[in-house]
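Undergrad: Return a 3D structure for these sequence lines:
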Amino acid sequence: MVVPLSPETEARLVRLLKTRTDKLAAHALTVYYAARDPRTPILVRAMALLVGAYLLSPIDLIPDVIPVLGYVDDLLVLSPGVALVLRWTPPEVVESARVRAQEAARRPTSYVAATFIVVLWLLVAWWLTQWVLILVHG
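TA: Next up, the predicted model:
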């Protein structure tokens with residue numbers, strides 16, 4: 001049996017999840033810059049790029065407009081990914097990436113990058129659709 005939350009409890013939970021998600025999003029540029037650093041191992045770079053793409057993507061598994069669940073999916077998918085990337089990246093690379101991320105965070109948002117990410121996700125979705133159709137229809 002599901003017990004409904006009071007409006008106050010739900011509002012507090014949503015604020016908490018949003019705060020945690022926003023903190024996680026603050027690591028996006030660090031992960032991005034770590035992935036671009038040649039001192040980072042290639043597999044860590046690939047994982048960092050996937051985590052960064054999901055984090056910056058406007059497309060979510062569960063949209064953020066759905067109360068509570070929209071933020072939970074971000075935390076469940078991204079927290080382990082970011083933690084692993086930062087753990088597997090050499091410390092000097094992480095520190096360098098953090099400095100670059102802080103500098104970049106002061107700049108305005110890039111709509112070109114957002115457009116690129118949307119197009120990338122659409123291409124991935126198209127490719128997966130084609131692949132599934134080939135599997136289904138032989």
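
Undergrad: Need the nearest residue in space to Asp74, chain neighbours excluded.
TA: Nearest in space to Asp74, with sequence neighbours left out and distances taken as CB to CB, 6 or more residues apart in numbering, is Thr21 at 4.8 Å. C-beta: built from backbone N, CA, C; applies to glycine.

Undergrad: The one you found in helix, strand or coil?
TA: Three-state assignment for Thr21 (DSSP: H, G, I helix; E, B strand; the rest coil): helix.

Undergrad: With Ile59 instead?
TA: coil.

Undergrad: do the same with the one 4 residues further on
TA: Judged by three-state DSSP, the three-state class of Pro63 is coil.

Undergrad: helix/strand/coil for the closest residue to it other than its chain neighbours?
TA: Distance criterion CB to CB, 6+ apart; nearest residue to Pro63, sequence neighbours excluded, is Gly70 at 5.5 Å. Following three-state DSSP, Gly70 is assigned to helix.

Undergrad: so Thr40 is in which element?
TA: Under DSSP states H and E, no helix or strand contains Thr40.

Undergrad: Report the contact partners of it.
TA: Shown in contact with Thr40 (CB atoms under 8 Å, 6 or more residues apart in numbering): Ala34, Ala48, Thr89, Pro90, Val93.

Undergrad: how much space between Arg39 and Glu103?
TA: 19 Å (CB to CB, to the nearest Å).

Undergrad: Thank you, goodbye.
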